[in-house]
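> I need the structure of the sequence given here:
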Amino acid sequence: MEFTPLRRYQEQPGYYIWIKGINVNQNPVPLGYYGGGTPLVVGFSTTIPYTALRDDVYRPFVQAFDNASTSGFGIPRVAPVAPFEMCYNRSALRSTRVGYAVPQIDLIMEDGTRYAVFGANSLVQVDDATVCLAFLEIKPEELGYEHYGQQAPATVMGGYQMENNLLVFDEGCV
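Purely as a prediction, here's the structure:
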């Protein structure tokens, strides 16, 4: 990722960026009213393990990833394993240098650059036979946003999606 300015989000502490959209396998995820130029707010947290998305972003994202995985990549779905909703047969996956061969997820920055999430950071192995999409639906009460009476950001990036990626937060630019 190139330089992306850090932003403030309402009165919330922490680090935030604005993105223009999310792509799965190079196809934009249909996010309703966000397509009109309204930025998506992305927060960063090392205290939550997996990226959490607000319902209005989570549902279309999971559907896009599942469609690309099952139709485009031919990966069979299996029963979900809590806390995850979308899980797949691990034996059907090939490994690459960037993790499992699955649809790439891109966060599209304000300037058009992309933050890519590859198989190593998009799927988590939950048992010998199962991997799951390592993204969860936001539970605002678990992230503390209900205390402020404000809407949670569209996405809070968790530690698993940041793992083995160099991110530098320049607090002087906030």
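> max-length helix in the chain?
helix 55-67 (DSSP state H).
> give me the packing partners of that one, helices and strands only.
Packing partners of helix 55-67 (3 or more Cβ pairs under 8 Å, 6 or more residues apart in numbering; DSSP states H and E): strand 12-24, strand 130-133, strand 135-137. For glycine as for every other residue, the C-beta is placed from the backbone atoms N, C-alpha and C.
> the first one pairs with which strands?
On the basis of DSSP bridges, the sheet neighbours of strand 12-24 come out as strand 7-9 (antiparallel), strand 27-28 (antiparallel), strand 40-44 (antiparallel), strand 105-109 (antiparallel).
> deepest of the helices and strands packed on helix 55-67, which one?
strand 130-133 (a mean of 23; mean count of other Cβ atoms under 10 Å).
> which outside residues touch that strand?
62, 65-66, 78, 80-81, 84-90, 93, 100, 122-126 (Cβ atoms under 8 Å, 6 or more residues apart in numbering).
> out of those residues, which sit inside strands?
Counting by DSSP state E, the part of the contacts of strand 130-133 found in strands is Val78, Cys87, Tyr88, Asn89, Tyr100, Leu123, Val124, Gln125, Val126.
> which one (most neighbours) among these?
Of all these, the highest neighbour tally under other Cβ atoms under 10 Å goes to Leu123, namely 27 neighbours.
> which residues does that one bridge with?
Applying DSSP bridges, one finds that Leu123 bridges with Leu133.
> list the contacts for it?
Leu123 touches Tyr88, Leu93, Gly99, Tyr100, Val102, Val131, Cys132, Leu133, Ala134, counting by Cβ under 8 Å, 6+ apart.
> same deal with Met162?
Met162 makes contact with Phe44, Thr46, Asn121, according to Cβ under 8 Å, 6+ apart.
> try 10 Å this time
Neighbour list for Met162: Phe44, Ser45, Thr46, Thr51, Tyr115, Val117, Asn121 [criterion: Cβ atoms under 10 Å, 6 or more residues apart in numbering].
> do Trp18 as well
For Trp18, counting by Cβ under 10 Å, 6+ apart, the contacting residues are 4-7, 9, 38-42, 109-110, 153-154.
> how about Asp106?
Listed by Cβ under 10 Å, 6+ apart, the contact partners of Asp106 are 19, 21-29, 113-117.
> list the contacts of the most centrally placed residue in the chain.
Note on the chain: the residue nearest the mean C-alpha position is Thr51, at 5.2 Å, using Cα atoms, centre = their mean. By Cβ under 10 Å, 6+ apart, the contact set of Thr51 is 42-45, 58, 61, 105, 107, 117, 121-122, 133-136, 138, 155-162.
> so what's the residue count around the residue nearest to Lys139 when sequence neighbours are not counted?
Using Cβ to Cβ, 6 or more residues apart in numbering and skipping residues adjacent in sequence, the residue nearest Lys139 is Ala52, 7.4 Å away. Using other Cβ under 10 Å, Ala52 has 24 neighbouring residues.
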